[in-house]
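[1] One predicted model, sequence on top.
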Amino acid sequence: MDEEKMMSMTETWLKKHRLLYTGATRNPFILTIHDATINIASFKTWLAQDYLFVRAFVPFVASVLIKAWKESDDNGDIEIILGGMASLQDEITWFKREATNWGISHSEVVPQQANINYCRFLESLMSPEMEYTVAITAFWAIEAVYQESFAYCLGEGSKTPPELKETCARWGNEGFGMYCQSLQRIADRRLLKASEDELKKAEVLFLSVLEHEVEFWNMSTAA
Ligand SMILES: Cc1ncc(CNC=O)c(N)n1
């Protein structure tokens, strides 16, 4: 019997844009964590810059929550997005504690260009004119890149230094993986009903997320 399931839209895009996706999830920064050759200065740059990014990510997630409330056909979406917001509070606390541990003073950290560009991109996604379908697709991609990247650092054969394992587990843990799958299911459900224009826009912005993620990692290793 023909039991083959149709590929979802996000799966289609992941396959079509595999090279760029791999560029984002197997970036040299991540590879050096995985093989324990990481330069600690790079790690500290990433840590300091990502704290600033996450602060800007909170209002973005809030904007997706508002879009879900206005536009979603499924009440379950709100709970999933709200769960993501709740874990961001814990994440901000964690970033502050890690900064202290690594001797970083957030008041002295200046956002770098790749970070500024990415935060500006987030702001464009917050516009009330931006469709829920497009915003939730970008949201999923942003989370999925971190999940795949850090899960790889904890996977079989990884030599991740013990002092970085907690960081990797933050996004590489199974619960975060399931949360990403929930976001992906929402995105796929919406994309099924989207117009041609919305589909095109969501695909373009999915690619923009991947490009920003690559630039963000590269910024960390360049410093
Ligand atoms: C640059 C970047 N992309 C994705 C994430 C993961 N989302 C929330 O933490 C992150 N922290 N930073």
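    Thanks, I have the structure now.
[2] how about the helices of this structure, start to end?
    Secondary structure of the chain (DSSP state H): helices at 9-16, 18-25, 28-34, 40-71, 76-101, 113-125, 132-154, 162-172, 174-192, 196-222.
[3] In JSON lines: these, plus distance to residue 107.
    Every residue, glycine included, has its C-beta placed from N, CA and C. Formatted as JSON lines, these follow (distance: least, Cβ to Cβ, whole Å):
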{"stretch": "helix 9-16", "distance to residue 107": "39"}
{"stretch": "helix 18-25", "distance to residue 107": "30"}
{"stretch": "helix 28-34", "distance to residue 107": "25"}
{"stretch": "helix 40-71", "distance to residue 107": "11"}
{"stretch": "helix 76-101", "distance to residue 107": "10"}
{"stretch": "helix 113-125", "distance to residue 107": "16"}
{"stretch": "helix 132-154", "distance to residue 107": "25"}
{"stretch": "helix 162-172", "distance to residue 107": "22"}
{"stretch": "helix 174-192", "distance to residue 107": "29"}
{"stretch": "helix 196-222", "distance to residue 107": "20"}
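[4] looking at the ones you listed, which is buried most?
    helix 132-154 (a mean of 23; mean count of other Cβ atoms under 10 Å).
[5] and that one, how far out from the chain's middle?
    4 Å (Cα atoms, centre = their mean, to the nearest Å).
[6] Output the contacting helices and strands for that helix.
    When contacts are defined as 3 or more Cβ pairs under 8 Å, 6 or more residues apart in numbering; DSSP states H and E, helix 132-154 packs onto helix 18-25, helix 28-34, helix 40-71, helix 76-101, helix 113-125, helix 162-172, helix 174-192, helix 196-222.
[7] can you tell if the first one touches the ligand?
    No. For helix 18-25, no contact with the ligand is found by Cβ under 6 Å from any ligand atom; the gap never falls below 9.4 Å.
[8] Can you tell me the closest non-neighbouring residue to residue 190?
    residue 133 (4.0 Å; Cβ to Cβ, 6 or more residues apart in numbering).
[9] Assess the claim that the one you found and residue 192 are in contact.
    No. Applying Cβ atoms under 8 Å as the test, residue 133 and residue 192 come out as separate, 9.7 Å apart.
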